[in-house]
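Asks: Structure for this input, please:
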Amino acid sequence: MTVYIIHENDTWIPPFRKAFESLQLPFVEWNLSETHAYSLNQKPDTDAIYFNRISPSSHTRNHRYSCEITNQVLEYLSLHSCRIINDQRALALELSKVKQYVELTKFGIRVPRTAFVGTASSVDSQTRDNFLRTCKQTARENFFNESTQTWTPFVTKHNRAGKGLGVHLFTNDEKLDSLFADNTIDEDYSVDGIYLLQEYIKSPKQVINRAEFIGFKLMYVIEVDTRQGFQLCPSDACRKTADSKLVKQSADEIKHGFNIRSAETFTENEKQIIEQLENFLRENQIEIAGIEWVDNGENIYVYDVNCNTNYNVAAETRFFGDMYGTIQLGQYFQKQLQTKN
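Replies: So this is what the prediction gives:
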């Protein structure tokens, strides 16, 4: 009985290896940034669990087609009725923030006001000009109040993202031109051609919250100091490779940046959103997730559903002990393997 880890980034795997080995949980790694072949007629190992933790930011590591390949691998596994943790439904949500907001809205979960611009062409000077013109028009239609002549601050982001890709804050449409001034910078354009403009929800405390779920149930909530910028990946590996283009603050100025909250600190609004999110995950069959929200002092807005989650080892060690999240994950897998017998 084995856990197959489907991934594309070796940098994120060591904590999982360490935890699974300590639990004596057999596992095999399928790194889909490498070349693999599968025969639809050949039955895979069915006495196993297949854990999909592919990342939507895989293209930034030159693994352009890892997500597309993963989708076909999951189809192959589904053909043979394999037990998949975070299957095609989770992958579809992972790869589209638009789809995330649509599905969250269906569950009555508040999301920031969002518009999106799509371009089907490769980026050249003409496409860039049309794209910019449409972005500015869309921004004005959604975030400018004609009667008061005032702007609602908004952020831009990629539809298929990760790592804070394309996230920039604007107070009007004037600087949108400079953002795309150099059309040789591929990272400024979403890999799927879809770019989001979204209302900026300001937290009075300058924090966001990320809730980690295992088996559709909340494990813990980690509070993230947003003064460091929009690079909010909780993994220690992410912090070592922060994008130099994002606004950051010295680590010396922020003691930790990531703090795990006790349940006693949850507000009534947060208790309600956690229950809603658990139901949302169960309905969409997303067993493992990290979901981020921001509280403006009156309402909670959910803005990101991560089906490929990394745990912050440093924060966990301060509050729980070594390898807390990955151990909890391994124990959940052990229970799932037992139910197969």
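
Asks: Give me the below-cutoff pLDDT ranges for the chain.
Replies: Applying pLDDT under 70 to the chain flags residues 122-124, 163, 165, 180-188, 228-256, 341.

Asks: Quickly note the distance from the residue lying closest to Q285 once chain neighbours are set aside to L95.
Replies: Using C-beta to C-beta, 6 or more residues apart in numbering and skipping the chain neighbours, the partner closest in space to Q285 is R89 (5.6 Å). Bear in mind the C-beta positions are built from the backbone N, C-alpha and C, glycine included. As for R89, its distance to L95 is 11 Å (criterion: C-beta to C-beta, to the nearest Å).

Asks: sorry, back to before: now the helix or strand in which the residue nearest to Q285 is found - C-alpha only, PDB.
Replies: Per DSSP states H and E: R89 is located in helix 88-94. Output of helix 88-94 as PDB, limited to C-alpha atoms (Å, rounded to 0.1, in the frame of the first residue of the first chain):
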ATOM      1  CA  GLN A  88      -9.300  16.800 -11.900                       C
ATOM      2  CA  ARG A  89     -11.900  19.000 -10.100                       C
ATOM      3  CA  ALA A  90      -9.200  20.300  -7.800                       C
ATOM      4  CA  LEU A  91      -6.800  20.800 -10.700                       C
ATOM      5  CA  ALA A  92      -9.300  22.800 -12.700                       C
ATOM      6  CA  LEU A  93      -9.800  25.100  -9.700                       C
ATOM      7  CA  GLU A  94      -6.100  25.400  -9.100                       C
END
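
Asks: in that helix, what's buried?
Replies: 88-91, 93-94 (16 or more other C-beta atoms under 10 Å).

Asks: Can you name the element that comes right after it?
Replies: Counting by DSSP H and E, what follows helix 88-94 is helix 97-106.

Asks: ok, how many other residues are close to A19?
Replies: Neighbour count of A19, defined by other C-beta atoms under 10 Å: 22.

Asks: Next: T127.
Replies: 16.

Asks: Is it correct that K205 falls within a helix?
Replies: No: using DSSP: H, G, I helix; E, B strand; the rest coil, the assignment for K205 is coil, not a helix.

Asks: gap between it and Q42?
Replies: 54 Å.
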